[in-house]
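Participant: sequence? don't have it. structure:
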């Protein structure tokens, strides 16, 4: 797969690429906000302790590496 950021572009093409990247960044930030909100709702609903939250976060890192 080609990394678009490493390609050579004209100035106009680079501006369009930037617009796309800014849009992707905004979309991912929105996704992250939603995920953080869901995590907090689950933590409150199930009255999870800090240790339980740390354990889940640790497990998530193992899962992400898989």
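Facilitator: That came in fine, so what should we check first? Computed from a predicted structure; not experimentally measured.
Participant: could you use CA atoms for every contact and neighbour count after this?
Facilitator: Fine.
Participant: low-confidence ranges in this protein?
Facilitator: Applying pLDDT under 70 to the chain picks out no residues at all.
Participant: for residue 62, see how far away the residue in it sticking out farthest from the centre is.
Facilitator: Distance from the C-alpha centroid of the chain peaks at residue 10, with 29.3 Å (CA atoms, centre = their mean). Noted for residue 10: a distance of 41 Å to residue 62, by CA to CA, to the nearest Å.
Participant: again with residue 14
Facilitator: Counting by CA to CA, the gap from residue 14 to residue 62 is 37 Å.
Participant: between the two, which one's more packed in?
Facilitator: residue 14 (15 against 9; other CA atoms under 10 Å).
Participant: and that one, what does it touch?
Facilitator: Applying CA atoms under 8 Å, 6 or more residues apart in numbering to residue 14 gives no contacts.
Participant: helix, strand or coil: sort out it for me.
Facilitator: helix (DSSP: H, G, I helix; E, B strand; the rest coil).
Participant: over to residue 33?
Facilitator: Strictly by three-state DSSP, residue 33 counts as helix.
Participant: count the residues that sit near it.
Facilitator: Neighbours around residue 33, by other CA under 10 Å: 12.
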